[in-house]
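In: for reference, the sequence and a predicted model appear below.
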2 protein chains.
Amino acid sequence: MVAEIITIGDEILIGQIIDTNSAYIASELQKLGVAVYQITSVQDDREHILKALRDAESRAQLVLITGGLGPTKDDITKHTLTEYFEDQLVENQEVLQHIEFLFEKYISTPISDLNRRQAMVPSKARILHNAHGTAPGMWIKGKAAVFVSLPGVPFEMKQLFQDQLVPKIITEFTRPVLLHKTLITYGLGESAIAERIAHWEDSLPVHMKLAYLPNLGKVRLRVSIRGTDPEALQDELQQRLGELKMLISDILFAEEDGEPLEVTLGKLFRAKGKSLAAAESFTGGKIAAQLTAVPGASQYFRGSLVSYATSVKSGLLGVSQALIKEHSVVSEAVACAMAANARKLMHSDIAVATTGNAGPTKGDSKSPIGTVYIALATENGVFAEKFTMGNHRERIVQKSVHKAFELLQKEILKY
Amino acid sequence: MVAEIITIGDEILIGQIIDTNSAYIASELQKLGVAVYQITSVQDDREHILKALRDAESRAQLVLITGGLGPTKDDITKHTLTEYFEDQLVENQEVLQHIEFLFEKYISTPISDLNRRQAMVPSKARILHNAHGTAPGMWIKGKAAVFVSLPGVPFEMKQLFQDQLVPKIITEFTRPVLLHKTLITYGLGESAIAERIAHWEDSLPVHMKLAYLPNLGKVRLRVSIRGTDPEALQDELQQRLGELKMLISDILFAEEDGEPLEVTLGKLFRAKGKSLAAAESFTGGKIAAQLTAVPGASQYFRGSLVSYATSVKSGLLGVSQALIKEHSVVSEAVACAMAANARKLMHSDIAVATTGNAGPTKGDSKSPIGTVYIALATENGVFAEKFTMGNHRERIVQKSVHKAFELLQKEILKY
């Protein structure tokens, strides 16, 4: 079974917004065993949309469409869908009542004809209730494929996808089983790994696939398997993974369970009943921001002192000026003092601190751009590690936040 | 002149990565007056890539391809391109020397045959030098279109795009002029605005276009114009915008110059010679993270005390426990105290503070989810505003950070 995604909207084609909906939909469909063959972004243009619908129907059994469902006239998706199915628009009473309800409850301006028109849907469409917005989702059976039209606002789309669409896909389609497992390696380049495991890779059967995903100094190896019997596939995947792991045991860093590191960290800190604080210099609050993006962070995360200016390091954070003068602000000694002080000042079990030079200019430090120190303070003492993170500002910060999370994970697992 | 973008890689189609490259390319092409007709994401599959290349060439004069240029065998872009152009691979000496240089300088493992193979390029390709990576960009003239193959790693692609590709597009293509202007409105819904300006919108000539982009409580109106004479187009756009502004003067919030608010804020604070500090509760460091993502932030941004736990608010940030007990942690009084103390503790001219309840659980506060206070402290005193931001955790934080930036902008403009 194959699906396709069509995103409609000039805002994607002029680069005004990044299309995050497609990645969400593709990854959720994967979990259901539905492979996405192609993603196509088209303009708010009748002819263009019609062609995309025809092309997708010639290849896929399920076509998901996002965008182009708002009330205003630049949104022509609904009319074009109606034309495609040689259908007509009819007023749907349930949708109309929901729109009236939303206006009464949340919106101060009076409901308009344009809003009422959102209750007009193709007569062949089955409605997928949009709890958070006025544009309903629609499920329409075509000749060779089912078409599903979803609202373009990401949080409306996601809710509708989970509540309304997933159960319908499960009942209406027979889906193959598709399993993935990703191994994270560290220390060898993509091509060196490829040479080492060439023999193993060549021996893979046609229903298994290997992909190399290099990122931030690591290479992730994604192994996929496809078939019908989940248990047999799981066994085969595990056996092949076992062979692979033996070949790369010296560089195998972790197995990915699809969960971001900050989520894992949160679970570990809560499970161990330990608290965390941070003192951030060049990471500028990104450690705190990423940790607190996960609900429940308040159960273990005390806070972070973003001491961007040297005066805040020596002031509020209490790192002695003599120490800064002796070692410079980007140094092991300052990183350690930052972590130790953050731990004390915010009364946490563990504290992490970052100081470094992310460029583009050198600022208050003599270190070359890309030099980074990350320190941890615990009840057992304090230590720092030095890293060289390249010369690209955004990546230096990103890699350092990731590295801080790795050090924290290693530490909390000791408890 | 029309362009298309083809992104190659299973990782996009299984939703493992979000395709940010396309948005970057589309928005940079816009600036050059090149319209993107379609974006297509296809699998690492020979047949699929060949079909996408044929389809794109039938519609566009410029086809940009990203992804699929790494050294390992799942990357078949280069071989498929070679086949498409009925060409053969030849070793390029400059590329080979660059790969050897990168290995010598940055990579500890010895150079392998796989890496050397990256210097094999189609004989018809002109090389676009990739300063930061081993996979070169390629410019290949087809029958009806020019094809450009770009590396998939975003920072390599961006650098190459600016340094190598932009100058080449400018010299080799005659491009139409394409201008956009976006007005930001606040206080009326998409459909209410549409009704009000229907007459104006209907009167637009065919070479002008209006789009409604609702987001975070605002509706952005993007007006586009296309033609050949830049000055005449600019005049016509300004005249039509003047008419539009008169119709929406009561809800017109700002004109967008395409620059994020944190960039504008940075410029303003530096121009006025003022410094900024923050105390963040539920925004968890996101104010600091967004401000420090802009190079040069260290010139005005002192730091942020992310006081996620109430104990850090009353401890390090020095908000009195009695005040918290009397008003609760999510209150105007606590927001004001946080801002005033952050200003004093970090010796800044202005300080901003946030306290609120982003859910999903109520935490230490009795306020309903979505209740938010944002306070500013300046030399003239301290004040807070209350907001109700809905019930979606991520959006509550996002909207609040944006609102804090707006309040800061309003304030710094007084100096």
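Out: Ah, there it is.
In: on the three-state scheme, A:H347 is what?
Out: Following DSSP: H, G, I helix; E, B strand; the rest coil, we place A:H347 in the coil state.
In: how about it, what does it touch?
Out: A:S275, A:A277, A:R302, B:S311, B:G315 (Cβ atoms under 8 Å, 6 or more residues apart in numbering or on different chains). C-betas here are computed from N, CA, C, even on glycine.
In: which one (most neighbours) among the residues you listed?
Out: In terms of neighbours by other Cβ atoms under 10 Å in any protein chain shown, the contacts of A:H347 top out with A:A277 at 30 neighbours.
In: mean confidence for whichever strand or helix holds that residue?
Out: Assigned by DSSP states H and E, A:A277 falls within strand A:276-280. Taken as a whole, strand A:276-280 has a mean pLDDT of 98.
In: could you pull out the strands for the stretch 151-300 of chain A?
Out: Assigned by DSSP state E, counting those that start in this stretch, the stretch 151-300 of chain A shows strands spanning A:177-186, A:208-215, A:218-227, A:252-256, A:276-280.
In: now do the buried residues in the first one.
Out: Of the residues in strand A:177-186, A:L178, A:L179, A:H180, A:K181, A:T182, A:L183, A:I184, A:T185 count as buried by neighbour count, 16 or more other Cβ atoms under 10 Å in any protein chain shown.
In: the worst-scoring helix or strand of chain A on mean pLDDT: partners in the sheet, and parallel or antiparallel?
Out: Ranking every helix and strand in chain A by mean pLDDT, DSSP states H and E puts strand A:252-256 at the bottom, with a mean of 79. Each strand that pairs with strand A:252-256, with its direction, by DSSP bridges: strand A:177-186 (antiparallel).
In: quick check: mean pLDDT across the lengthiest helix in chain A?
Out: Assignment by DSSP state H gives helix A:393-412 as the longest helix of chain A. For helix A:393-412, mean pLDDT is 91.
In: and it, what other elements does it pack with?
Out: Here helix A:393-412 touches helix A:261-272, helix A:286-292, strand A:350-356, strand A:371-378, strand A:381-388, going by 3 or more Cβ pairs under 8 Å, 6 or more residues apart in numbering or on different chains; DSSP states H and E.
In: any idea how far the first one is from the middle of the chain?
Out: Spelled out, that is helix A:261-272. Mean-position distance between helix A:261-272 and its chain equals 18 Å (Cα atoms, centre = their mean, to the nearest Å).
In: list the buried residues in that helix.
Out: Quick answer for helix A:261-272 (16+ other Cβ under 10 Å): A:L261, A:E262, A:V263, A:T264, A:L265, A:G266, A:L268, A:F269.
In: settle this for me: the first one is touching A:H402, isn't it.
Out: Yes. If you go by Cβ atoms under 8 Å, A:L261 and A:H402 touch, sitting 6.8 Å apart.
In: quick one: contacts for A:Q16?
Out: With contacts defined as Cβ under 8 Å, 6+ apart, A:Q16 is in contact with B:A23, B:S27, B:L213, B:R222.
In: and the residues you listed, which are buried?
Out: B:A23, B:S27, B:L213, B:R222.
In: the spatially closest residue to the third one that is not a sequence neighbour: neighbour count?
Out: Pointing back at B:L213 there. Residue nearest to B:L213 in three dimensions, not counting chain neighbours: B:R220, with 4.2 Å by Cβ to Cβ, 6 or more residues apart in numbering or on different chains. The tally of other residues near B:R220 (other Cβ under 10 Å) stands at 19.
In: who does B:R220 bridge with?
Out: With DSSP bridges applied, B:R220 shows beta-bridge pairing to B:I184, B:L213.
In: who are the neighbours in contact with it?
Out: Residues near B:R220 by Cβ under 8 Å, 6+ apart: B:T182, B:L183, B:I184, B:T185, B:Y212, B:L213, B:P214, B:E256.
In: buried ones in the longest helix of chain A, by neighbour count?
Out: Quick answer for helix A:393-412 (16+ other Cβ under 10 Å): A:393, A:395-408, A:411-412.
In: and if you look at stretch A:198-206?
Out: In stretch A:198-206, counting by 16+ other Cβ under 10 Å, buried: A:E201.
In: ok, now stretch A:370-386?
Out: Of the residues in stretch A:370-386, A:G370, A:T371, A:V372, A:Y373, A:I374, A:A375, A:L376, A:A377, A:T378, A:V382, A:F383, A:A384 count as buried by neighbour count, 16+ other Cβ under 10 Å.
In: which ones are touching A:V166?
Out: A:E28, A:L32.
In: now it: how far from A:E172?
Out: Shown here: A:V166 relative to A:E172, a distance of 11 Å by Cβ to Cβ, to the nearest Å.
In: then A:L178?
Out: A:L178 sits 18 Å away from A:E172, going by Cβ to Cβ.
In: need the buried residues of strand A:177-186 in CSV with pLDDT, can you?
Out: Below are the buried residues of strand A:177-186 laid out as CSV (pLDDT from 0 to 100):
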residue, pLDDT
A:L178, 82
A:L179, 85
A:H180, 85
A:K181, 89
A:T182, 90
A:L183, 92
A:I184, 89
A:T185, 88
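In: quick one on the thing from earlier: hey, what's the angle from the strand holding A:A277 to helix A:261-272? Just curious.
Out: 140 degrees (axes from the mean of the first three to the mean of the last three Cα atoms, to 10 degrees).
In: residues in contact with strand A:276-280: which ones?
Out: A:269, A:286-288, A:291, A:300-307, A:317, A:338-339, A:341-343, A:345-354, A:408, B:285, B:288, B:306, B:312.
In: tell me which strands it pairs with, and in which orientation.
Out: If you go by DSSP bridges, strand A:276-280 pairs up with strand A:301-307 (parallel), strand A:350-356 (parallel).
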